[in-house]
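> pasting the sequence and the predicted model now:
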Amino acid sequence: MGIYENFKEVVSIVQKLDNIELYRKILDLQGEAQRLMSETLRKDDEIRQLHARIDELEEVVRFKAKLVEINGFYFELDQSGIPNGHPFCPKCWEVNRTPVHIHQMGHLLQERTKSVCPNCKSTFKFVAQRKPQST
Ligand SMILES: [Zn+2]
């Protein structure tokens, strides 16, 4: 039997005793119990949110360990510890810890002069991707 059912049973017994003062005290306790249950639910939700935030931050820490900064841009290290692939937007990473690859602007046959972040729309002087080194 849960706390709510137990409480209903106590209220029923107290009503039969016909003691107004006792009945008021029981109702006060009922209100307090409901307030505590609401507070517990709110705290449980807060704990769930904090655990989710901890998971996010742990993922950022893991990802950060795989990055290297070269000339102001961040590259992911491959399994050999070598920077590889397209650079990440320094603004998105440094401000929001959001890894967003920046992309070259223009057609492949045209001169490549700029790179752009698809998230924050920052533009940069063209930054070439890093290719894996052959062994
Ligand atoms: Zn960006």
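Arrived safely, thanks for sending. Numbers count the residues shown, from 1 in each chain.
> so in the chain, which helix runs the longest?
Counting residues, the longest helix found in the chain (DSSP state H) is helix 20-64.
> give me the neighbour count for the closest residue to Pro99 other than its chain neighbours.
Of all residues not flanking Pro99 in the chain, Phe88 sits nearest, at 4.8 Å (C-beta to C-beta, 6 or more residues apart in numbering). In short, each C-beta sits where N, CA and C put it, glycine included. By the criterion of other C-beta atoms under 10 Å, Phe88 has 22 neighbours.
> wait, Phe88 touches Asn96, no?
No: between Phe88 and Asn96 there is no contact under C-beta atoms under 8 Å: 11.5 Å.
> follow-up on the earlier one: given the helix or strand just after the longest helix of the chain, what are its sheet partners and their directions?
Counting by DSSP states H and E, the next helix or strand C-terminal to helix 20-64 is strand 67-70. For strand 67-70, the paired strands and their directions (DSSP bridges) are strand 73-77 (antiparallel).
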